[in-house]
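*Asks:* Here is the input, now give the coordinates:
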Amino acid sequence: MSQYNPERNAALFNQMSAGHLPGLMGWDAEVKHRDTGKTIALFRCTQMIL
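*Replies:* Numbers count the residues shown, from 1 in each chain. Modelled structure (predicted):
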């Protein structure tokens, strides 16, 4: 089981950007360490518009 601890996770931040192509929507999210700027995780979500 995972529990959120704000003191432990305070050094992380998320940056998101949206992109659109004809018939496709997408979002990119990047999780970084606040002090070092080091990228910890990258996420991409896409959705096709019918």
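
*Asks:* for the most centrally placed residue in the chain, what are its contacts?
*Replies:* Closest residue to the average C-alpha location of the chain: Ala29 at 2.6 Å, with C-alpha atoms, centre = their mean. Ala29 makes contact with Asn14, Gln15, Met16, Leu42, Phe43, Arg44, Cys45, according to C-beta atoms under 8 Å, 6 or more residues apart in numbering. The way it works is simple: take the backbone N, C-alpha and C, and place the C-beta from them, glycine included.

*Asks:* elements contacting the helix or strand hosting the fifth one?
*Replies:* With secondary structure defined by DSSP states H and E, Phe43 is part of strand 39-48. Strand 39-48 is packed against strand 24-33, with contacts defined by 3 or more C-beta pairs under 8 Å, 6 or more residues apart in numbering; DSSP states H and E.

*Asks:* can you pull the buried residues of the strand it packs on?
*Replies:* Buried residues in strand 24-33, counted by 16 or more other C-beta atoms under 10 Å: Lys32.

*Asks:* Provide a list of residues in contact with Gln47.
*Replies:* Per C-beta under 8 Å, 6+ apart, neighbours of Gln47: Leu24, Met25, Gly26.

*Asks:* before we move on, back to that, ok and the strand holding Phe43 relative to strand 24-33, angle-wise?
*Replies:* Calculated by axes from the mean of the first three to the mean of the last three C-alpha atoms, to 10 degrees, strand 39-48 forms an angle of 170 degrees with strand 24-33.

*Asks:* that older thread, and the gap between the residue nearest to the centre of the chain and Gly23?
*Replies:* Per C-beta to C-beta, to the nearest Å, Ala29 is found 22 Å from Gly23.
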